[in-house]
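Trainee: Build me a model from this:
(chains A and B)
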Amino acid sequence: MSRFVIVALALGMSASTAVHAESVLVLNSEDASYSIVDRATRFEISRLPLGREPHHLAVTPDGKEVLLASTVTNDLVAIDTTNGMQRRVVRDIVDPYQLGFSPDGKWFVTAAYRLDHIDIYRADGFKLAGRIFMDGLPSHLSFDTESKAVFVTLQQSNRVVAFDLATQAIKWVAEVGKAPAGVVMLPDNKRLLVALTGEDAVVTLDPKDGAVVARLQTGRGAHQFFPRGDGRHWFLSNRIEGTVSMIDTQDMRVAGTIRVPGGPDCMDITADGKEMWITQRFLRRVAVVDLAQMKVVASVPVGKSPHGVFILKADAVAPGLPIRAASTEPVIK
Amino acid sequence: MGGLLEGWIGVQNWIFETLVSPILFHFGLMSWFEPAFDAVEFFMLGVVQIAVIALGMRLLERRWSPDHPADGRLVGVDRIYTALNKLGVIPLIVFIVAYPITTEIERQVRVLGVTPPRLEHLIPWLRDHALVTFLLYFALYDFAAYWVHRAQHRLSWWWALHSLHHSQRQVTVWTDDRNHIVDDLLVTLVLVVFAQFVGVQPDDYVLILTIGRLIESWSHANVDQGFGWVIVGPRFHRLHHALASDDERHIHDHNFAPVFPIWDILFGTAIYDRKVRPTGVADARIDADNGRGWLAQQVTVFARFLRALLPGGERSRFSRP
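Mentor: Numbers count the residues shown, from 1 in each chain, chains lettered A, B, ... in the order given. Predicted coordinates:
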């Protein structure tokens, strides 16, 4: 009975704030589902089935859809970025563990973590242009700002590989350190940051040849990046330490640290810039970080091993969204 | 319930952060930290299973046992098997060997463009009925395990390994894990590949294993108790462990099902009776396992397996129908 009351309250509260509300979409990688969390009430309002082992997501170049990648069923499920409704399914994208569009929107690239290949598609129609097999767990990717190259980390073989998008040819392969994961090209298009999960550090690569030109110690299990949005600061989740480092990329220093327990991983920031939501893989929760205070202010139960997270642009409590196995566990603030 | 889950996750997280991740880091194995986190949960589930067996099933077995208490020496080695399996030592070894093989199989199949179907895709109704879906996957898994078990008895080289499980004269709640490590490896390989192809979710797989193995532990209990045709109980399964005799030469080629006896009923291998039979294997070479410890059993049974692989290899008198 109490469960229904809580759900009803959550729905009622979110409906009353619908004009300003946003919802948060979380991929539960080991539950084959995704959760919709109401930002205002910080309550999981629905959990919907999604393929098998959904890990990451990417927004389409027009910004209208977010593609949820189901790695084992080889599908991309397109969700309306405004209301969370399913629009279509893109089939036959093999093992889309990590995915992304080039800045010009012409290329779509996936890293097949389990199957050890990188696929480069022409984004228009998802036509496969090239499949390159690379041993060593391709895990994360980033594009240069000119949409000429894509960089992929190979987590198990300690390397980063760069591809020319137009020819799909390998430009270079470089040894960078233990267990490279997150990778991001900075806006100057001259520095490529790579998080080394096995060395608790970030290294800066020269994107021309992959040479390591700088190093910054961060936190244990340095893993994934997300931009602060000011062009200067990037957040970095440290999976093992249970922290998020804010890196000042101008001075290349750790400008702040936020304690986020439970294997923090992927992040997104609300449109108003006030909150960062970050998945806590080990705790089956998603944490809410107040960016003014630089601390966790809430932690919402979702499904098992939550991975990708995305802030929808509006309230997702639309009629017809089924509520299934939504959590009624208390929110920790 | 929520509090219990929170506590469980908290303990898992603490073990991982305090004990496991420093080891991974020290040995440069950080790319394995996600499977390692799942392994911690596997270990915790093993502790729970051992507690259930030791504190629950064993007490019931003592109270309800129809004959004299089990010989501690004979049963002791089975306790070692249970501890090594439930606490993850044997599964870790099996994982290290099996993982590259199953991954390569999956890779080859998926590169060919074959996508494992899921029941929920075939029957959309199941999407909103999680319990029914779980039970269907459980039944499918058990169906595969039934046929694997039949193969263990049918193929002489596999029987050479599996006969270790049957050689125990005093079958108890501790006997289920008494298997040769190569036997564990072969069974795991077949069932993991099967699970991948029918679309069993990793989380469901762990739950199926946990519930299934507990049921199987109880089905070895030295008590005269059954669950009819619904679930395999001791009365049903101990017949499968019965000592062959001249009247019942192939008695252990019946009642193969691990959890759901429906498979034996459907395929004509079920026997329901209340006759109490001694357990073990009539072949003296196999019965000799009883005088050995864990390591000696592993070595001698492996030699038995190798001899069975050779052309004209040895056959056990009561090994096959």
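Trainee: what sits up against stretch A:303-311?
Mentor: With contacts defined as C-beta atoms under 8 Å, 6 or more residues apart in numbering or on different chains, stretch A:303-311 is touched by A:22-31, A:33-35, A:39, A:47, A:54-57, A:59, A:66, A:68, A:81, A:265-271, A:277-282, A:284-286, B:203. Quick note: C-beta positions are derived from backbone N, CA and C, even for glycine.
Trainee: In strands only, show me the residues you listed.
Mentor: A:23-28, A:33-35, A:47, A:54-57, A:59, A:66, A:68, A:265-269, A:277-280, A:285-286 (DSSP state E).
Trainee: Report the buried members of the residues you listed.
Mentor: When neighbours are counted using 16 or more other C-beta atoms under 10 Å in any protein chain shown, the ones in strands among the contacts of stretch A:303-311 contain these buried positions: A:23-28, A:33-35, A:47, A:54-57, A:66, A:68, A:265-269, A:277-280, A:285-286.
Trainee: Select the helix or strand of chain A having the lowest average pLDDT value.
Mentor: Counting by mean pLDDT, DSSP states H and E, chain A has its least confident helix or strand at helix A:2-16, which shows a mean of 39.
Trainee: Give me every residue in chain B lying close to chain A.
Mentor: Proximity of chain B to chain A (C-beta under 8 Å from any C-beta of the partner chain) is limited to residues B:2, B:5-6, B:9, B:12-13, B:16-17, B:21, B:25, B:28, B:30-31, B:33-34, B:37, B:103, B:106-107, B:110-111, B:113, B:115-116, B:118, B:120, B:127-128, B:130, B:199, B:201-203.
Trainee: Now intersect these with the helices, please.
Mentor: B:2, B:5-6, B:9, B:12-13, B:21, B:25, B:33-34, B:37, B:103, B:106-107, B:110-111, B:120, B:130, B:202-203 (DSSP state H).
Trainee: Those, buried ones only, as a PyMOL selection?
Mentor: To isolate the buried subset of these in PyMOL, counting by 16+ other C-beta under 10 Å, use the following:
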select buried, chain B and resi 6+9+12+13+21+25+33+34+37+106+107+110+111+120+202+203
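Trainee: Would you state the strands of the stretch 201-333 of chain A in chain order?
Mentor: A:201-205, A:212-217, A:222-227, A:233-238, A:243-248, A:253-259, A:264-269, A:275-280, A:285-290, A:295-301, A:306-311 (DSSP state E, counting those that start in this stretch).
Trainee: Mind putting the ones you listed into a markdown table with distance to A:K190?
Mentor: Conversion of the strands of the stretch 201-333 of chain A to a markdown table gives the following (distance: least, C-beta to C-beta, whole Å):
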| stretch | distance to A:K190 |
| --- | --- |
| strand A:201-205 | 10 |
| strand A:212-217 | 10 |
| strand A:222-227 | 17 |
| strand A:233-238 | 15 |
| strand A:243-248 | 16 |
| strand A:253-259 | 18 |
| strand A:264-269 | 24 |
| strand A:275-280 | 27 |
| strand A:285-290 | 30 |
| strand A:295-301 | 33 |
| strand A:306-311 | 29 |
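Trainee: Where do the domain boundaries of chain B fall?
Mentor: Chain B is divided into the following domains under automatic domain parsing: B:1-64, B:89-309.
Trainee: Off-centre distance for the first one?
Mentor: In other words, domain B:1-64. Between the centre of domain B:1-64 and the centre of its chain there are 19 Å (C-alpha atoms, centre = their mean, to the nearest Å).
Trainee: and if you look at the longest one?
Mentor: On the basis of C-alpha atoms, centre = their mean, domain B:89-309 sits 5 Å off its chain's mean C-alpha point.
Trainee: Start and end of it, how far apart?
Mentor: The straight-line separation of the ends of domain B:89-309 (C-alpha to C-alpha, to the nearest Å) is 27 Å.
Trainee: Also stretch A:284-295?
Mentor: 19 Å.
Trainee: what's the average pLDDT for that stretch?
Mentor: What stretch A:284-295 shows for mean pLDDT is 97.
Trainee: May I see the buried residues of it?
Mentor: Judged by neighbour count (16+ other C-beta under 10 Å), stretch A:284-295 contains these buried residues: A:284-289, A:291.
Trainee: Now look at it and say if it contacts chain B.
Mentor: Yes. Contact between stretch A:284-295 and chain B is present through A:R284 (criterion: C-beta under 8 Å from any C-beta).
Trainee: next one: stretch A:137-148
Mentor: Yes. When contact is scored as C-beta under 8 Å from any C-beta, part of stretch A:137-148 falls within range of chain B: A:L137.
Trainee: distance between that stretch and the chain's centre?
Mentor: Taking the mean of its C-alpha atoms, stretch A:137-148 sits 14 Å from the chain's own mean (C-alpha atoms, centre = their mean).
Trainee: Please export the C-alpha coordinates of that stretch as PDB.
Mentor: What follows is stretch A:137-148, C-alpha atoms only, in PDB (Å, rounded to 0.1, in the frame of the first residue of the first chain):
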ATOM      1  CA  LEU A 137      38.900  -4.000 -25.100                       C
ATOM      2  CA  PRO A 138      38.100  -0.900 -27.000                       C
ATOM      3  CA  SER A 139      36.200   1.100 -24.400                       C
ATOM      4  CA  HIS A 140      35.900   4.900 -24.800                       C
ATOM      5  CA  LEU A 141      36.200   7.300 -27.700                       C
ATOM      6  CA  SER A 142      36.500  10.900 -28.600                       C
ATOM      7  CA  PHE A 143      36.600  13.000 -31.800                       C
ATOM      8  CA  ASP A 144      38.800  15.900 -32.800                       C
ATOM      9  CA  THR A 145      37.000  19.200 -33.200                       C
ATOM     10  CA  GLU A 146      37.400  19.100 -37.000                       C
ATOM     11  CA  SER A 147      35.700  15.700 -37.300                       C
ATOM     12  CA  LYS A 148      38.700  14.300 -39.100                       C
END
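Trainee: Next, the buried residues of that stretch.
Mentor: For stretch A:137-148, the neighbour count (16+ other C-beta under 10 Å) marks A:137-145, A:147-148 as buried.
Trainee: So which of those sits lowest on pLDDT?
Mentor: The lowest pLDDT within the buried residues of stretch A:137-148 belongs to A:L137, which sits at 89.
Trainee: how about the helix-or-strand element of chain B with minimal mean pLDDT: buried residues?
Mentor: Lowest mean confidence among the helices and strands of chain B (mean pLDDT, DSSP H and E): helix B:119-122, at a mean of 76. Taking 16+ other C-beta under 10 Å as the neighbour-count basis, helix B:119-122 is seen to contain the buried residues B:119-120.
Trainee: what packs against it?
Mentor: Contact here means 3 or more C-beta pairs under 8 Å, 6 or more residues apart in numbering or on different chains; DSSP states H and E; on that basis helix B:119-122 packs against helix B:130-154.
Trainee: Now do the buried residues in the helix it packs on.
Mentor: B:133-134, B:136-138, B:140-146, B:148-153.
Trainee: Excluding chain neighbours, what is closest to the closest residue to chain B within the stretch 101-250 of chain A?
Mentor: Closest approach of the stretch 101-250 of chain A to chain B (C-beta to the nearest C-beta) occurs at A:G198, with a separation of 3.9 Å. With C-beta to C-beta, 6 or more residues apart in numbering or on different chains as the criterion, A:G198 has its nearest non-adjacent residue at 2.8 Å, and that residue is A:K178.
Trainee: List the contacts of that neighbour.
Mentor: For A:K178, the residues meeting the contact criterion (C-beta under 8 Å, 6+ apart) are A:158, A:196-199, B:28, B:30.
Trainee: Then B:I262?
Mentor: B:I262 makes contact with B:W229 under the criterion C-beta under 8 Å, 6+ apart.
Trainee: quick one: it from B:L135, how far?
Mentor: Counting by C-beta to C-beta, to the nearest Å, the gap between B:I262 and B:L135 amounts to 12 Å.
Trainee: With A:A129 instead?
Mentor: Counting by C-beta to C-beta, the gap from A:A129 to B:L135 is 44 Å.
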